[in-house]
Structures are given as structure tokens and as C-alpha cells.
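K.L.:
test case, fold it:
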Amino acid sequence: MNSPCQRSLAIVRRWMKFNLVGAMGICVQLLAVYFFAFVFSANALVATTLGVEAAVLHNFFWHEHFTWSDRRAIASEHATFVLRLLAFNCTTGTISIGGNLVFVSLLIFRAHTPLLVANAAAIAACSLLNFAVNDRIIFRGHNNVVPALNGPARLSARAHAEIPAAKTAD
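P.N.:
Here you go, the predicted structure:
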């Protein structure tokens, strides 16, 4: 996949997969928000937080096995999977929970938007940033873990040559 056209098509295909998973995640989030808010009478922001986290976990598994399946680490590497889940939850989870709480707060308390409508709008607002973070950081390819979580094992050959401790670690 060398030509700009091929790369663009690959990004569009991945964006479509991302949105399909996201659509399922929206259902998970809205059902969870409804469940926590209207069945358990949880505060709107608590229900939103729990609903977003349910969707974040759901989406991670689908992205790992569908959206970015070509960039997945070797399945037997349990630690790699756990690190990627942790990184996903720290990035996408933070963006989603933070963004949803800000947007939902503004929409339901200022604009008097219904809770589920406010959640749907907040999801859309966070979508592009989440795609970029996932594509460039969490599922960046070459069977690697998020660089910040992988330490010296991911140093380049040049860095190995320049850092004596890295040479001896090989």
C-alpha cells in the first residue's frame, strides 16, 4: 500500500469500521445510561460516566478484533493486550468520559436537552479525536504496544548504539 490513493482508501475503510463499532458503542452507552438513570435513579452525570465506561470497554474489544485487527499484537501476549487496554482506557476513556461530562452538563443543565439526546451529541463531538488517538497511538501498527508503556524495548537501533545500557540489555 504505497500510493497516496491507496493510503487514503485504507484510512476511509478504517474510519468506516471505527464508526460501525462506534454505532454499536452508542447503543451500549445509551442503554447503560438509561438503565443507570431511569432504573437505578442514578444522577445524570454518574449514569453518563458509567455508560461511557461500558461503551469504552465494548469498543476496545471490537477495535482490537475488527477495526485494527491487522495491527493487533500476537494473541498469546497477554501483557501486551492488558497494556493496550490500559492505554486505550486512559486515552479514549479520558477523552470520552471528560468530553461527555462537559457536553452533557452543558446540554442538560444549560440548554435543557434530554439526557439521552445530550449523550448522543457528546459522543459525536468526541468521535474524531478518539479516532486520531486510536489510529496514531493505541493501534499504531507493527505489533507494538503504546510507545510510552513499552520502555527501552522499543528503542531504535541508533539509540541502542548510543546508550551503553541499552546495548547490554540485548
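K.L.:
other residues contacting the helix or strand where residue 58 lies?
P.N.:
Using DSSP states H and E, the element containing residue 58 is helix 44-62. With Cβ atoms under 8 Å, 6 or more residues apart in numbering as the test, helix 44-62 has contacts from 21-22, 24-26, 28-33, 36-37, 40, 42, 85, 88-89, 92-93, 96-97, 100-101, 104-105, 108, 115, 119, 122. Every residue, glycine included, has its C-beta placed from N, CA and C.
K.L.:
helices - which of those land there?
P.N.:
Cross-referencing those against helices under DSSP state H gives 21-22, 24-26, 28-33, 85, 88, 96-97, 100-101, 104-105, 115, 119, 122.
K.L.:
can you tell me which of those are buried?
P.N.:
21-22, 25-26, 28-30, 32-33, 85, 88, 96-97, 100-101, 104, 115, 119, 122 (16 or more other Cβ atoms under 10 Å).
K.L.:
contacts only, for the spatially most central residue of the chain.
P.N.:
Central residue of the chain (Cα atoms, centre = their mean): residue 92, 3.7 Å from the mean position. By Cβ under 8 Å, 6+ apart, residue 92 lies in contact with 56, 59, 60, 130, 133, 134, 138.
K.L.:
reformat those as TSV; add neighbour count and distance to residue 4.
P.N.:
As requested, these are exported to TSV (neighbours: other Cβ atoms under 10 Å; distance: Cβ to Cβ, whole Å):
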residue	neighbour count	distance to residue 4
56	23	33
59	25	29
60	22	30
130	24	25
133	17	23
134	23	22
138	23	24
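K.L.:
can I get these in JSON lines with distance to residue 46 and pLDDT?
P.N.:
Formatted as JSON lines, the contacts of residue 92 follow (distance: Cβ to Cβ, whole Å; pLDDT from 0 to 100):
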{"residue": "56", "distance to residue 46": "16", "pLDDT": "96"}
{"residue": "59", "distance to residue 46": "20", "pLDDT": "97"}
{"residue": "60", "distance to residue 46": "22", "pLDDT": "95"}
{"residue": "130", "distance to residue 46": "22", "pLDDT": "94"}
{"residue": "133", "distance to residue 46": "25", "pLDDT": "94"}
{"residue": "134", "distance to residue 46": "26", "pLDDT": "93"}
{"residue": "138", "distance to residue 46": "27", "pLDDT": "91"}
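K.L.:
quick one: low-confidence parts of this protein?
P.N.:
The chain contains residues with pLDDT under 70 at 1, 73-76, 142-170.
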